[in-house]
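Novice: fold the following for me, if possible:
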Amino acid sequence: MNNKILRVASVTGGNGKCLAEDCFAGTIEAAWLEQNAAEYGFIIRYLKGKDTITGYKYEPWHLRYVGKDVAVEVSTKGSTLEEYFHTLPVSN
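Specialist: Residues are numbered from 1 along each chain as shown. The predicted structure is shown next:
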């Protein structure tokens, strides 16, 4: 998959703090994204506990547009794009 053709979005807490920070995970906005992003075709790109697969630590603010069908399937299963596309885990 070519990441250059995918759309990426980053978000922040409503108070403007926690932009691309771990503290974003504890915000109301993060909870809303976790529950609703797939409905709009987005996934949280780097999930908690999946860093050995993606090569990145948990980033609750890092969204990726993949389309609604893929987003719903990936989110429902709690999988990563690497797992969805059956690619090899990233070696660190």
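Novice: from the chain's centre, how far out does stretch 23-38 sit?
Specialist: Put simply, stretch 23-38 sits 10 Å off its chain's centre (C-alpha atoms, centre = their mean, to the nearest Å).
Novice: residues of it that come out buried?
Specialist: Across stretch 23-38, burial judged by 16 or more other C-beta atoms under 10 Å covers 24-25, 27, 29-30, 33, 37-38. Just so you know, the C-beta spots here come from the backbone N, C-alpha and C atoms, and that holds for glycine as well.
Novice: what does stretch 45-58 give?
Specialist: 45-47, 50-51, 53-54, 58.
Novice: which SS class is residue 64?
Specialist: Three-state call for residue 64 (DSSP: H, G, I helix; E, B strand; the rest coil): strand.
Novice: distance of it relative to residue 77?
Specialist: In this view, residue 64 and residue 77 are 16 Å apart by C-beta to C-beta, to the nearest Å.
Novice: ok, now residue 88?
Specialist: Separation of residue 88 from residue 77 (C-beta to C-beta): 18 Å.
Novice: more neighbours: these two, which one.
Specialist: residue 77 (10 against 7; other C-beta atoms under 10 Å).
Novice: return the residues in contact with the more buried one.
Specialist: By C-beta atoms under 8 Å, 6 or more residues apart in numbering, residue 77 lies in contact with 83-84.
Novice: bridging residues for the most centrally placed residue in the chain?
Specialist: In the chain, the residue lying closest to the centroid (C-alpha atoms, centre = their mean) is residue 44, at 1.5 Å. Here residue 44 sits in beta bridges with residue 63, going by DSSP bridges.
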